[in-house]
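Q: no sequence on hand, only this structure:
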């Protein structure tokens, strides 16, 4: 059920688009290509099991953990606030 001037299913379309954007962003961050034997950031060896589990890896576990902690996600409010829709 849609509200206001929105068509039926519009809210679900917004939810689906948000999920698809997040999945696309996550996939774009996956490593590609051959794995490195040595970490690109600190020079420590990349464990063989890590290279086998994740092809294309370029960093050791410690450096990747630091990178993952620094990732910022953008949040787009596709629906906007009710106040902005009433103006």
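A: Nice, thanks for sending it over. All of these numbers come straight from a predicted model, not from anything done at the bench.
Q: C-alpha from now on. contacts and neighbour counts both.
A: Noted.
Q: can you name the helix or strand that residue 31 falls in?
A: Assigned by DSSP states H and E, residue 31 belongs to neither a helix nor a strand.
Q: burial of it, as a residue count?
A: Burial of residue 31 is recorded as 14 neighbouring residues (other Cα atoms under 10 Å).
Q: what's the answer for residue 54, then?
A: When neighbours are defined as other Cα under 10 Å, residue 54 has 14 of them.
Q: quick check: residue 61 vs residue 15, distance?
A: Residue 61 is 33 Å from residue 15, where distance means Cα to Cα, to the nearest Å.
Q: please apply the same query to residue 65.
A: 29 Å.
Q: okay, and the spatially most central residue of the chain sits in which element?
A: For the chain, the residue nearest the mean C-alpha position is residue 26 (3.0 Å; Cα atoms, centre = their mean). Residue 26 is part of helix 10-28, with elements assigned from DSSP H and E.
Q: now that helix: buried residues?
A: By 16 or more other Cα atoms under 10 Å, the buried positions in helix 10-28 come out as 11, 18.
Q: what about it, average pLDDT?
A: Predicted confidence along helix 10-28 averages 90 (mean pLDDT).
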